[in-house]
Structures are given as C-alpha cells and as structure tokens.
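Enquirer: here's my sequence, what's the structure:
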Amino acid sequence: MSRDWLTVLTRECSATSQQAVAKRMGLSGATINQVLKGKYKGNLRRIQSRVEGAFMAARVDCPVIGDIPRDQCITHQQRRRFAATNPLRVQLHKTCPTCPNWQGGNNT
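Expert: Next up is the predicted model:
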C-alpha cells in the first residue's frame, strides 16, 4: 500500500486541523488522529480511498452515477442506507456490491 496518501493526510491536517480534514472526509476527528498515530484498527484501505478522493483528485467510474471522486464512492458504499423511495439509492444498493470499486461493509 502506497504511503503517499498518509503524507497528504498529514500535510492537510498541518495546513488546517484534524477536525477540518475529518469533516471534509466525512469521518470523526478521533479516526483521523488514530490513523496519524498508526493506531487505527479499522480498514485503512477505505481511509486511503477517502484521502485520495478528497485531497488527491482520485476518481472512479461508478456504473450508476458516472465519474465521481473516490471518496464519494466510498460514502455511497458506507453511509447511504437503502431507501426504497429514492431511485438512486435503490440502484446503488443493487449495483455497489457487484462493482469493481466495492470495498464492502458498513464500517469506516
């Protein structure tokens, strides 16, 4: 796993704050703090994807939405709950688990 994303995360936190970076990524300040200290027990691949999308202009081709930032892809996978009243969420609910960008689970 490339560590460039960790350098970018550190730089962004130094330029603003851990809380500001966390908010932009849709995470908690505690999560960012644990990642920076090397103590995060969750899925670092998801954190990497969020950093690359939010701060490194990484993009993915979503089969439902089209070209989107990688961090938004992860947000759709992790944070959006199924809502039968929302056609986009119905499509994402059906498509995400079969997508090559899928990182699985509901935890960050």
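Enquirer: show me where the protein has its helices.
Expert: 4-15, 18-25, 29-37, 44-55, 70-78, 87-95 (DSSP state H).
Enquirer: would you mind measuring from the residue nearest to Gln19 when sequence neighbours are not counted to Val21?
Expert: In space, and not counting its chain neighbours, Gln19 is closest to Gly29: 4.4 Å by CB to CB, 6 or more residues apart in numbering. Heads up, the C-betas are built off the backbone N, CA and C, glycines and all. Distance from Gly29 to Val21, counting by CB to CB, to the nearest Å: 8 Å.
Enquirer: residues that sit against both of those two, list them.
Expert: Common contacts of Gly29 and Val21 (CB atoms under 8 Å, 6 or more residues apart in numbering): none found.
Enquirer: neighbour count for those two, which is higher?
Expert: Using other CB atoms under 10 Å, the more surrounded residue of Gly29 and Val21 is Val21, with 25 against 15.
Enquirer: any idea how far Ile68 is from that one?
Expert: Separation of Val21 from Ile68 (CB to CB): 20 Å.
Enquirer: okay, the spatially most central residue of the chain: pLDDT?
Expert: Residue closest to the average C-alpha location in the chain (CA atoms, centre = their mean): Arg50, at 3.2 Å. Per-residue pLDDT puts Arg50 at 91.
Enquirer: contact partners for it?
Expert: Taking CB under 8 Å, 6+ apart, one finds Met25, Gly26, Leu27, Arg70, Asp71, Ile74 in contact with Arg50.
Enquirer: thinking again about what came up before, looking at the helices of the chain, which is nearest to Val64?
Expert: helix 87-95 (4.7 Å; CB to CB).
Enquirer: pull out the buried residues from the closest one.
Expert: Buried residues in helix 87-95, counted by 16 or more other CB atoms under 10 Å: Arg89, Leu92, His93.
Enquirer: likewise for stretch 34-41?
Expert: Per 16+ other CB under 10 Å, stretch 34-41 contains these buried residues: Val35, Tyr40.
Enquirer: averaged pLDDT, stretch 89-103. What do you get?
Expert: Mean per-residue pLDDT for stretch 89-103: 89.
Enquirer: just give the number of residues close to Glu52.
Expert: What Glu52 shows, counting by other CB under 10 Å, is a neighbour count of 22.
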